[in-house]
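1. Give me coordinates for this.
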Amino acid sequence: DSAEASPSVVFENIERCSPNCLQMLLENISGLTVDADFTVELIPEINVAVATFIKSIDTKDFVEKCSQHKRVREFQMTARLLESTQTIKAENLPDSISTDYLTVYFESTRNGGGPVSDVQLFPEENSAIITFSDHKGNT
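-> Predicted structure coming up:
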């Protein structure tokens, strides 16, 4: 059990709940304010939303509250902590981007990065897969 819980919570099966409804629901459950205390990123391709808390809260407790909340159950949504990963995908990259530039960019602590072990460039998709040496450098 990690001593440092993820600040992000994944909500699955969000299709029955509009983005505005989801934000209000999360405000009601957490007692916090969207944008000031947390952000919500929708990933409609996989029917998921990710709430990331700017304000420090017990996300494990929040997930528990969500799973017991009447409206969350009515919408048949599930909530879980976002697991740590060592790999991220960067999209919408400029045509001229290089693996060296991406490595330096994602190793920058100012950008929340850390040591990069590998960069795979996919020019046809204008994307890249960046692999970090550990999961701390992927925020």
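2. Have a look at the protein and report the helix or strand with the lowest mean pLDDT.
-> Ranked by mean pLDDT, DSSP states H and E, the weakest helix or strand in the chain is strand 87-90, scoring a mean of 89.
3. I'd like the distance from that strand to the chain centre, please.
-> 12 Å (CA atoms, centre = their mean, to the nearest Å).
4. Next: stretch 80-87.
-> Distance, stretch centre to chain centre, for stretch 80-87: 8 Å (CA atoms, centre = their mean).
5. nearest residue to the residue nearest the centre of the chain other than its sequence neighbours?
-> Taking CA atoms, centre = their mean, the centroid of the chain lies closest to Val50, which sits 5.1 Å from it. Using CB to CB, 6 or more residues apart in numbering and skipping the chain neighbours, the partner closest in space to Val50 is Glu41 (4.8 Å). Every C-beta, even on glycine, is put in place using the N, C-alpha and C of the backbone.
6. So the residue nearest to the centre of the chain versus Glu125, what's the distance?
-> Here the criterion is CB to CB, to the nearest Å. By it, Val50 lies 22 Å from Glu125.
7. can you check Asp100 too?
-> For Asp100 relative to Glu125 (CB to CB), the value is 19 Å.
8. Dump the top helix by length along the chain to CSV, keeping only the CA atoms.
-> Longest helix in the chain, counting residues (DSSP state H): helix 19-30. Only the C-alpha atoms of helix 19-30 are listed here, as CSV (Å, rounded to 0.1, in the frame of the first residue of the first chain):
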residue,chain,number,x,y,z
PRO,A,19,-19.7,16.8,-18.1
ASN,A,20,-21.4,19.6,-16.1
CYS,A,21,-23.4,17.0,-14.1
LEU,A,22,-20.2,15.1,-13.3
GLN,A,23,-18.4,18.3,-12.1
MET,A,24,-21.3,19.2,-9.8
LEU,A,25,-21.5,15.7,-8.5
LEU,A,26,-17.8,15.7,-7.6
GLU,A,27,-18.2,19.1,-6.0
ASN,A,28,-21.1,17.8,-3.9
ILE,A,29,-19.2,14.7,-2.8
SER,A,30,-15.8,16.4,-2.1
